[in-house]
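Visitor: Could you look at this predicted model? Sequence included:
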Amino acid sequence: MYGQIIIPPQVLGELQSALGPEAVRTWAGAPPKWLEVRAAQSIDAKLGLGIGESAAIALAQELKADRLLIDDQKGRQAALQLGISIAGTLGVLRDAALGGLVDLESCLEKVRKTNFRASPQVYAKILADYERLKRQG
């Protein structure tokens, strides 16, 4: 869908953490070819974020990335202040649904049953955006 995803090793480490879901750890243990792990040259510790978010923002800046995939609210705000275009999990699902890859409503139902946190208003906005974008063609 996005062609290639590049993540810093700190994010890969978070995906492989024993604290995360087994399915995610398994996936991160043998990532697909479209996922590249690359270290950021310089990470700004003054952002006040977790190391994964800080490294991802630094890498996005260095690569002049089209978009940073990030869910952490503080990280999203920091990225936007730095002029980085962002998308989160729900936005990725919306894009996948627009591309005919998934059924958005069933995906959102599954996400609601996990530890992912988003307000009912955010879910409603994603559905409304999806319907609006689908109508626009």
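Guide: Right, received. Where do you want to start?
Visitor: so how many other residues sit close to residue 121?
Guide: 8 (other Cβ atoms under 10 Å). Where you see a C-beta, it was placed from the backbone N, CA and C, and this is true even at glycine.
Visitor: Remind me which helix or strand it belongs to.
Guide: helix 120-136 (DSSP states H and E).
Visitor: which secondary structure elements does that helix contact?
Guide: Counting contacts by 3 or more Cβ pairs under 8 Å, 6 or more residues apart in numbering; DSSP states H and E, helix 120-136 packs against helix 89-98, helix 104-112.
Visitor: Tell me which of those sits most buried.
Guide: helix 89-98 (a mean of 19; mean count of other Cβ atoms under 10 Å).
Visitor: Does that one pack against any helices or strands, and if so which?
Guide: helix 104-112, helix 120-136.
Visitor: Show me the domain layout of this protein.
Guide: The record's domain parsing of the chain by automatic domain parsing lists 5-87, 89-136.
Visitor: Name the nearest residue to residue 97, ignoring sequence neighbours.
Guide: Excluding the flanking residues, the one nearest residue 97 by Cβ to Cβ, 6 or more residues apart in numbering is residue 104, at 3.6 Å.
Visitor: Would you check how far apart the one you found and residue 111 are?
Guide: The spacing between residue 104 and residue 111, counted by Cβ to Cβ, to the nearest Å, is 10 Å.
Visitor: likewise residue 22?
Guide: 17 Å.
Visitor: what would the helices and strands packed on helix 120-136 look like in a markdown table with mean pLDDT and distance to residue 65?
Guide: A markdown table is the format used below for the helices and strands packed on helix 120-136 (pLDDT from 0 to 100; distance: least, Cβ to Cβ, whole Å):
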| stretch | mean pLDDT | distance to residue 65 |
| --- | --- | --- |
| helix 89-98 | 96 | 14 |
| helix 104-112 | 95 | 24 |
